[in-house]
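Participant: Quick one, fold the following:
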Amino acid sequence: MGGIKYFMNSFLEDLKFFLEKIDHYRDRVLFLFIKPLWPRFITPNRITYFRIILGTVLFILLFFLDIKDKLIIISLFSIGAISDLFDGSVARGLKEETEFGAILDPIADRILILPIAVYSLYYSEKWLLLVLLLTEIISGGISLFYREKTKDAKSNIFGKTRMVMLSFVFVAILVFWPTPPSLFFIDVIWVSLIFSYLSIFVRVIDLVKKGYIKNKIINKKFKI
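Facilitator: Next up is the predicted model:
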């Protein structure tokens, strides 16, 4: 049993290190453009506000105005997904990271993703959609609790990876819409949910280690 626990801890640490290294290299590439050329009036928080506006517009277009033009929907969603690639890098590259921006970023992600998730999964993958929505509720609740207790508002690498996966897969699903999502796309969404729960898991363990959650079973399992 100890060997399995050691393997899991080692695997998670290796996976975390690998994903953070990729994220670091992404920053380094983007910094080549951001540091000398980025317009200083476009602040990271303004990029995040823009993503919230795009998500809201998508929601209105899809569910209130019943506009199903693929080019419009894909374009708006793709722009929003690309903006998510930039806001964090812009904040780090220009040294404009703020606690408010860190809080706002995952909210903007959900506002962008959820309308597309409901639109593309409701008729063909209701159970997957339900699990996705419940996962977002749980993740959001844990994030709020974690932020309140630790004062750390930053997303962890597993949450970032989930957002990248969902962004790519929903763009692909929209390209083939109204054809129901292929099994490959559905599998990618399920894998993204694994990353969501890894994000929740590492936060819960951190809260237990810091004494904010007292659970004898978890403490015994992880010798906290």
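Participant: Tell me which other helices or strands the lengthiest helix in the chain touches.
Facilitator: Assignment by DSSP state H gives helix 2-37 as the longest helix of the chain. The contact analysis (3 or more CB pairs under 8 Å, 6 or more residues apart in numbering; DSSP states H and E) places helix 2-37 against helix 70-93, helix 157-176, helix 183-209. All C-beta atoms are positioned from the backbone trio N, CA, C, and that covers glycine.
Participant: Rebuild the ones you listed as TSV, extending it with distance to Phe33.
Facilitator: Output for the helices and strands packed on helix 2-37, formatted as TSV (distance: least, CB to CB, whole Å):
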stretch	distance to Phe33
helix 70-93	9
helix 157-176	19
helix 183-209	27
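Participant: Out of these, which one sits most buried?
Facilitator: Sort those by mean neighbour count, taking mean count of other CB atoms under 10 Å, and helix 157-176 sits at the top with a mean of 20.
Participant: Show me what it is packed up against.
Facilitator: Using 3+ CB pairs under 8 Å, 6+ apart: helix 157-176 touches helix 2-37, helix 70-93, helix 99-121, helix 183-209.
Participant: residues in contact with the next helix or strand after the first one?
Facilitator: Once helix 2-37 ends, the next helix or strand along the chain (criterion: DSSP states H and E) is helix 44-63. The set of residues that contact helix 44-63 without belonging to it, under CB atoms under 8 Å, 6 or more residues apart in numbering, is 67-68, 72-73, 76-77, 79-80, 83-84, 86-88, 90-91, 94, 96-98, 100-101, 104-105, 107-109, 111-116, 118-119.
Participant: Which positions within helix 44-63 qualify as buried?
Facilitator: Across helix 44-63, burial judged by 16 or more other CB atoms under 10 Å covers 44-45, 47-48, 50-52, 54-55, 58-59, 61-62.
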